[in-house]
Each structure stands twice: as C-alpha cells, then as structure tokens.
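Participant: Quick one, structure for this:
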Amino acid sequence: MVNIDETSWRQGRRKAWLWAMVTRLFTVFTITKHRSGEVAQALLGSQDNQVVGSDRFSAYEWIMARWRQVCWAHLRRDFQAMIDRRGDGERVGRRLL
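Facilitator: Below is the predicted model:
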C-alpha cells in the first residue's frame, strides 16, 4: 500500500510540484517541474498488485480501479459539500457520509 499526493511548490519564482509517497516503512518527497501522470508513473513504478491511495486527480487514472483507493478524506469532504448545498443532493450526501 502506498499513498501519493502532490501540491504546488515554489522554487524561487518558478512554480513546481512537491510529491509525497508514504508507505508503512518509508516516506519519499520529490520536487518536479510537472504535475502529470508521467511523473506519478515514474514515482510509483508499474507493479500490478500495488494498492495506491490517492485523490481523484487525473494523473492517477492510469492505475487500474481494482488497485486504486480514493482518499476517504476527499470523499468525506465531497459528501459534506452535498449536504451543505441543500437541495436534492442533501439526502444523498447524508446517507453517503
């Protein structure tokens, strides 16, 4: 199991991306110029039976659905947003939460 995420980062005046990968045994940080699926693939490798926890950013779409766990904190935030908007989605958001 590996969790991966990325966030914006500044290198002087230039925008970059800070990537973090976390497992039970280690944490790896790297700074890249790009935020893309190619970077994610280079960091994660191509092991087929590796469970990856991530948000729903398109850079992770190449990971087979059966090996990808969407971040529960992101899902919880989305369900709460459905509730907060009221209307038709509120009831569904409450059940999902």
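Participant: Following element in sequence after the helix ranked longest in the chain, please.
Facilitator: Using DSSP state H, we find that the single longest helix of the chain is helix 72-84. Toward the C-terminus, helix 72-84 is succeeded by helix 89-96 as the next helix or strand (DSSP states H and E).
Participant: For the residue of the chain positioned farthest from its centre, which residues are in contact?
Facilitator: Distance from the centre of the chain peaks at Gly87, with 28.3 Å (CA atoms, centre = their mean). When the contact criterion is CB atoms under 8 Å, 6 or more residues apart in numbering, Gly87 has no partners at all. Any C-beta I mention is one placed from the backbone N, CA and C, and that applies to glycine too.
Participant: run the last query once more with 10 Å
Facilitator: Gly93 (CB atoms under 10 Å, 6 or more residues apart in numbering).
Participant: Same check on Arg85?
Facilitator: Applying CB under 10 Å, 6+ apart, the residues near Arg85 are Gly93.
Participant: can you check the one 3 residues further on too?
Facilitator: Taking CB under 10 Å, 6+ apart as the criterion, Asp88 is in contact with Met82.
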